[in-house]
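K.L.:
show me the folded form of this:
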Amino acid sequence: MTTLVHPPEKTMRPPARPVGGGSGERKWRRRFPLLPALVFTVVVTQLPFVATLVISTFQWNILRPGDRHFTGLSNYGTVFTDERLRNAVLNTVVLTASVVILSVVLGLGLALLLDRHFLGRGLARTLLIAPFLVMPVAAALLWKHAIYNPDYGLLNGTLNAVYRLFGADSGPTVDWVSSFPMPALVVALVWQWTPFMMLILLAGLQAQPGDVLEAAKVDGASALQTFRLITLPHLRQYIELGVVLGSIFVVQTFDAVYTITQGGPGSQTTNLPYEIYLTMFRKFEYGQAAAAGVVVVIGSIVIATFALRVVASLFREEVSR
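P.N.:
Next up is the predicted model:
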């Protein structure tokens, strides 16, 4: 009689715990060195914003210290209905759109030029990037005094020299800032922001696939056809990135407005940041200034969201190649 011997049953043991703790502990150890930076960022950025939100719900004028009281969202209603603030919003849109569009167009032309090989290209790139490296206040002072000044500025000096070439005793004396406040401000900002757009678009041009351009050349495509059908569609996302980032920066322009025009004449160049400054430090309406600042921050966040999406799409395109 045969006896069947069953093999001993294996005892199921729980998997050994990895040395050094679980995955959650390992993640915490990796992220712990970043905790001081996170706390610092929250303290520096988020707490002041929360304080601004709280102040925006109060009617608070420093000239009437005993009259501070909670008003809810009434300050936001003032922001959207006050005529000065509406004009500031309109000026902000005009200024931002003009500067960004002109900077992108000029930056594209300069990028196409610098994408070619020629003697002294490195020096030309350095000189063209230089305006973007100038401090905003210094650039504004340069344009106000060295270029726009009606007595000794470069523009009037050049006009006088041209008039003398044609036999006139002297040329016209134009007060550029008073006569053309918004164009004067736009030109100064375009000079400063064109190099930024040029760098973005030049990076896009140098990222073009060379085989596609060579195939278009072999097929007999002209330079204009290559630019219109190949280069421009390739640069679309880079142009979008430049427009979005430029809008984020230009909409916050304060230095040039304060230095060149001081919002005048007649509030023709008063944008939102400068109007917030006037509300805060001239009218001393802390609640209204805080509400306007919150509106500007929310608008900047919306624009920044589009910028991040454009950047993410660029990275996905580069990975897929």
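
K.L.:
quick one: the residue nearest the centre of the chain from Ala304, how far?
P.N.:
Geometric centre of the chain, nearest residue: Phe249, 2.6 Å, by Cα atoms, centre = their mean. Distance from Phe249 to Ala304, counting by Cβ to Cβ, to the nearest Å: 11 Å. In this view, the C-beta of every residue, glycine as well, is placed from N, C-alpha and C.

K.L.:
then Asn156?
P.N.:
41 Å.

K.L.:
the more surrounded of the two?
P.N.:
Asn156 (21 against 14; other Cβ atoms under 10 Å).

K.L.:
hmm, that one is touching Val174, no?
P.N.:
Yes: between Asn156 and Val174 there is a contact under Cβ atoms under 8 Å: 6.1 Å.

K.L.:
name the residues contacting each of those two.
P.N.:
Pro150 (Cβ atoms under 8 Å, 6 or more residues apart in numbering).

K.L.:
shared neighbours, Phe249 and Ala304?
P.N.:
Contacts common to Phe249 and Ala304, judged by Cβ under 8 Å, 6+ apart, are absent.

K.L.:
show me where this protein has its strands.
P.N.:
58-59, 69-70 (DSSP state E).

K.L.:
next up, the contacts around the residue nearest to the centre of the chain.
P.N.:
Contacts of Phe249 (Cβ under 8 Å, 6+ apart): Trp193.

K.L.:
now it: how far from Leu189?
P.N.:
10 Å.

K.L.:
same deal with Ala97?
P.N.:
Noted for Ala97: a distance of 12 Å to Leu189, by Cβ to Cβ.

K.L.:
who has more neighbours, the two?
P.N.:
Relative neighbour count places Leu189 above the other of Ala97 and Leu189, with 29 against 15, counting by other Cβ under 10 Å.

K.L.:
burial of the closest residue in space to that one that isn't next to it in sequence, as a residue count?
P.N.:
Residue nearest to Leu189 in three dimensions, not counting chain neighbours: Val99, with 4.5 Å by Cβ to Cβ, 6 or more residues apart in numbering. Residues contacting Val99 under the criterion other Cβ under 10 Å number 27.

K.L.:
also the one 5 residues further on?
P.N.:
Val104 is surrounded by 23 other residues when neighbours are defined as other Cβ under 10 Å.

K.L.:
nearest spatial neighbour of it, skipping sequence neighbours?
P.N.:
Val104 sits nearest to Met197 (Cβ to Cβ, 6+ apart), 5.1 Å away.
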